[in-house]
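Enquirer: Need a 3D model of the following:
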Amino acid sequence: MLIGKPGAARTAIAAASSDRVMVRGRDLARDLMGTMTFTEFAFLLAVGRAPTGDQRFFLDLSLVALAEHGLTPSVQAARMTLDADPAALQGAIAAGVLGCGTVILGAADLCRRLIEDVLARADACGSLEVAALAVAREHKKERMPLPGYGHPLHKPVDPRAERMIALARECGVAGRSVEAALALTRAAAAVWEKPLPMNVSMTIAATLRDVGVPPGLIRAVPILARTAGLIAHCIEEAETPIGFLMASKGEEAILHSAADGA
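Expert: Residues are numbered from 1 along each chain as shown. Next up, the predicted model:
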């Protein structure tokens, strides 16, 4: 039984033969190895062409910004999984990647959609500020968090976000997406009556959108970036284990309450 729409059985990404590997129409060994950075190659794989200089720079910047953030839940999951099976590095990395979601790490795509909502409304009403205020008010009324704003640790600003905005301006690529993100910052402060710092997920979405990085790659950036951090933590975990210690401390910190009548 065929599930989904029927279509041509084909791929345009890569094919391997006895004497070569062709990637997006290019010979891997002859044309790509030694001539492309991994960031450029990742873009080529996903999009089908090499990135522009600005796309490479801001994609690289985004990957560096998100690769590491301490003992996050995804890192703890990876470390504990590695301790449970030291031979299965791939399982530990997978466990950490599975812990990347819209609450922790994976909000860049939500931020991109929010930016596009604001810009569409601004085109209709003629004012970016009015559009941003409307979006912020709707989120507050529905008691929904505003993706890309607020951070449990970084206050009053997210230093990564500040740096990305500064570099976007310095490089002359800060466009409507960055302006929408800044308008939302002002709107959020007005609606919630307190500063809500723009976090790195919003600046990644805004800067990458302004340089023309496709939505699918914006969504994938956090996963690609954090994989590098998870690898580092697993290497360290194998040398100086703390996974089981974290598990025991977590158990100590949680009050166990027996069910009524037990």
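
Enquirer: helices or strands next to the helix or strand hosting residue 248 in the packing?
Expert: Using DSSP states H and E, residue 248 sits within helix 243-253. Judged by 3 or more Cβ pairs under 8 Å, 6 or more residues apart in numbering; DSSP states H and E, the packing partners of helix 243-253 are helix 73-84. (C-beta placed from N, C-alpha, C; glycine too.)

Enquirer: Report the buried residues of the helix holding residue 248.
Expert: 243, 246 (16 or more other Cβ atoms under 10 Å).

Enquirer: dump the residue contacts of the closest residue to residue 96 other than its chain neighbours.
Expert: Using Cβ to Cβ, 6 or more residues apart in numbering and skipping the chain neighbours, the partner closest in space to residue 96 is residue 78 (3.3 Å). By Cβ atoms under 8 Å, 6 or more residues apart in numbering, the contact list for residue 78 reads 92-93, 95-96, 99, 230, 233-234, 237.

Enquirer: CA atoms of the helix holding residue 248 as CSV?
Expert: C-alpha atoms of helix 243-253 as CSV (Å, rounded to 0.1, in the frame of the first residue of the first chain):
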residue,chain,number,x,y,z
GLY,A,243,26.6,11.3,33.9
PHE,A,244,25.8,8.9,36.8
LEU,A,245,26.7,11.7,39.3
MET,A,246,24.2,14.0,37.6
ALA,A,247,21.6,11.3,37.8
SER,A,248,22.1,10.7,41.5
LYS,A,249,22.1,14.4,42.3
GLY,A,250,18.8,14.7,40.4
GLU,A,251,17.3,11.9,42.4
GLU,A,252,18.5,13.5,45.6
ALA,A,253,17.0,16.9,44.7
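
Enquirer: what does it rub up against?
Expert: 71, 76, 79-83, 237.

Enquirer: tell me the angle of that helix relative to helix 73-84?
Expert: 120 degrees (axes from the mean of the first three to the mean of the last three Cα atoms, to 10 degrees).

Enquirer: secondary structure element for the most centrally placed residue in the chain?
Expert: Nearest to the geometric centre of the chain sits residue 222, at 2.7 Å (Cα atoms, centre = their mean). Using DSSP H and E, residue 222 sits in helix 215-239.
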